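In: For reference, the sequence and a predicted model appear below.
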Amino acid sequence: MSSDAWDKAVKDHYGFDDVAGVEEAWLAQVRKDAKAQPLPKDAAGKGPAIKSVPPVIGRAVIDSEGRVVLRKPVSYYQPRTQYAKDTSGQGFVPVTNYELAITEQVTRYDLKDVAATDVNGKPVDPKTLAKRLRTETAVLIAAAGKEVDPYYLTVVREGTIILALPNGGQPMAIPGGPPLADPTPLPQTTPR
């Protein structure tokens, strides 16, 4: 593949006349597979039905003001631009790649606003929750405030707490409280 002879390479290695033939065969197989095993539809008969999304793993503790402090990992792709010599060898051109970055988002919630259950779906009352969260504890966070599908709970230890957060878990600033944590951007590389 060191040259532009893609059609010849496809013919030599895969027996197709050209790249278009490979694409046509691949798309035909994808359509055949989709008809053989269609995804279940949602209640309105549209799109694939999704029972729930996986819960997020986080850490929770009760702070000195009696609020739930929740820490959860947040990943994003950070652009990193470096400079490479251009094809003439006389100048430089920017080349941007994206690197996976992970930070921790810290949010705080009033205890009364957090609904908690155990892995069997039994509610955990606020007083018991406060006792359980005296020290930092691993918790599951129900994504977007949805109930956690029991499928995901098959790998969870008995006694794990599941939190359903107000506003679907979207960070909310607390008046007079510290600002919400934002991802810290990586420094960009510049030419020398």
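Out: Sure thing, it's come through.
In: Pull out the buried residues from the longest helix along the chain.
Out: In the chain, with assignment by DSSP state H, the single longest helix is helix 19-36. Across helix 19-36, burial judged by 16 or more other CB atoms under 10 Å covers V22. (Glycine included, C-beta is placed from N, CA and C.)
In: Also stretch 131-138?
Out: So stretch 131-138, judged by 16+ other CB under 10 Å, has buried residues 132-133, 137.
In: if we can go back for a sec, who are the packing partners of the longest helix of the chain?
Out: Using 3 or more CB pairs under 8 Å, 6 or more residues apart in numbering; DSSP states H and E, the elements in contact with helix 19-36 are helix 6-14.
In: follow-up on the earlier one: and of the buried residues of stretch 131-138, the nearest to K35?
Out: Among these, T137 lies closest to K35 (CB to CB), at 47.4 Å.
In: pLDDT score for the residue lying closest to N97 once chain neighbours are set aside?
Out: In space, and not counting its chain neighbours, N97 is closest to R80: 5.6 Å by CB to CB, 6 or more residues apart in numbering. As predicted, R80 sits at a pLDDT of 91.
In: What count of nearby residues applies to R80?
Out: Using other CB atoms under 10 Å, R80 has 16 neighbouring residues.
In: Just give me the residue right at the centre of the protein.
Out: S75 (6.9 Å; CA atoms, centre = their mean).
In: Quick one: low-confidence residue ranges for this protein.
Out: 1-4, 37-52, 144-146, 167-192 (pLDDT under 70).
In: let's see it at 50
Out: 1, 172-192 (pLDDT under 50).
In: what helix or strand does the residue in it sticking out farthest from the centre sit in?
Out: Within the chain, Q90 marks the point farthest from the mean C-alpha position, 42.1 Å out by CA atoms, centre = their mean. Remark: Q90 resides in no helix or strand, with elements defined by DSSP states H and E.
In: E99 now?
Out: Per DSSP H and E, E99 falls inside strand 92-110.
In: elements contacting that strand?
Out: strand 67-85.
In: Might one say that the residue nearest to the centre of the chain is in contact with L100?
Out: Yes. The pair S75 / L100 is scored as a contact, 6.1 Å apart, by CB atoms under 8 Å.
In: and the next element down the chain from the strand holding E99?
Out: strand 115-117.
In: Not counting that next one itself, show me its contacts.
Out: Contact with strand 115-117 is made by 123-124, 129, 161-164, as judged by CB atoms under 8 Å, 6 or more residues apart in numbering.
In: tell me which of those is nearest to K112?
Out: Looking across the contacts of strand 115-117 and measuring by CB to CB, the closest to K112 is L129, at 10.5 Å.
In: State the three-state secondary structure for the closest one.
Out: helix (DSSP: H, G, I helix; E, B strand; the rest coil).
In: can you pull the contacts of it?
Out: L129 touches 68, 111, 114, 116, 161, counting by CB under 8 Å, 6+ apart.
In: Who are the contact partners of the second one?
Out: The one in question is L111. With CB under 8 Å, 6+ apart, L111 has these contacts: 62, 66-68, 126, 129-130.
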